[in-house]
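Asks: structure of the sequence below:
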Amino acid sequence: MAAASRFTPETRGALIERFAAGLTVEDTARAVGVNTTTLKRWLGRGRKESGTDYAEFAVAVDEARKKAAERPEPMDREELARVVSQAARRGNVQAMKLRDEMLLRDEQPDEDAEPEKPGLGSLDELAARRADRAA
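Replies: Got it, this is the predicted structure:
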C-alpha cells in the first residue's frame with residue numbers, strides 16, 4: 001500500500017479496520033503505510049481533544065480494539081495461519097519465525113497417531129528379501 005501521509009477518512013478507515021482485526025499499533029501502521037510515530041501522535045491528539053476528527057478517530061480505535069479483544073471465539077488453525085502469513089509478508093520478523101515454526105510442526109508426524117501399517121506391497125518386498133537371504 002502506498003504511504004499514507006494525510007489524516008484522510010480513507011486512511012482512518014483502513015487503520016480502524018486493522019485495529020478491529022486485532023493488529024498491533026506497529027503492524028497496523030505498517031499495513032496502511034503510516035509511520036508508527038505519526039499514528040501514535042494522532043491517537044494522543046485525539047485523546048486530548050474533543051469534538052475533532054482526531055477525537056472521533058481515537059474513540060473509534062479504542063472501540064475497535066475492545067471489540068477485537070472481546071471476540072468470543074479464538075482463531076482456528078487456518079485463520080491463525082492466514083493472519084501470521086499476512087504479517088510475515090508485510091515484514092513482521094516475529095510472524096516470519098512463527099510461520100516457520102508452524103510449517104515445521106505441520107511437516108513432523110503426529111506423535112499420537114498410530115504408526116502406518118505396511119501395505120501388501122511392503123509385505124511382498126519383505127518376503128522377497130527373506131527369500132533371497134535364505135537362498
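Asks: burial check on residue 41, number of neighbours?
Replies: Counted with other C-beta atoms under 10 Å, the neighbours of residue 41 add up to 12. Yep, even glycine has a C-beta here, placed from its N, CA and C like the rest.
Asks: ranges for the strands of this structure?
Replies: Applying DSSP state E to the chain gives no strands.
Asks: quick check: longest helix in it by residues?
Replies: helix 53-69 (DSSP state H).
Asks: chain center to that one: distance?
Replies: 21 Å (C-alpha atoms, centre = their mean, to the nearest Å).
Asks: and it, what does it pack against?
Replies: Counting contacts by 3 or more C-beta pairs under 8 Å, 6 or more residues apart in numbering; DSSP states H and E, helix 53-69 packs against helix 9-20, helix 36-48.
Asks: of the ones you listed, flag the one that's most buried.
Replies: Comparing these by mean neighbour count (mean count of other C-beta atoms under 10 Å), helix 9-20 ranks first with a mean of 17.
Asks: give me the contact list for that one.
Replies: Contact with helix 9-20 is made by 1, 4, 27-29, 31-32, 34, 39, 53, 57, 60-61, 64-65, 67-68, as judged by C-beta atoms under 8 Å, 6 or more residues apart in numbering.
Asks: among the helices and strands packed on helix 53-69, which comes closest to residue 133?
Replies: Nearest of those to residue 133, taken as C-beta to C-beta: helix 9-20 at 65.8 Å.
Asks: count of residues packed around the closest residue to residue 43 other than its chain neighbours?
Replies: Leaving aside its chain neighbours, residue 43 sits nearest to residue 58 (5.3 Å; criterion: C-beta to C-beta, 6 or more residues apart in numbering). Burial of residue 58 is recorded as 19 neighbouring residues (other C-beta under 10 Å).
Asks: sounds good, over and out.
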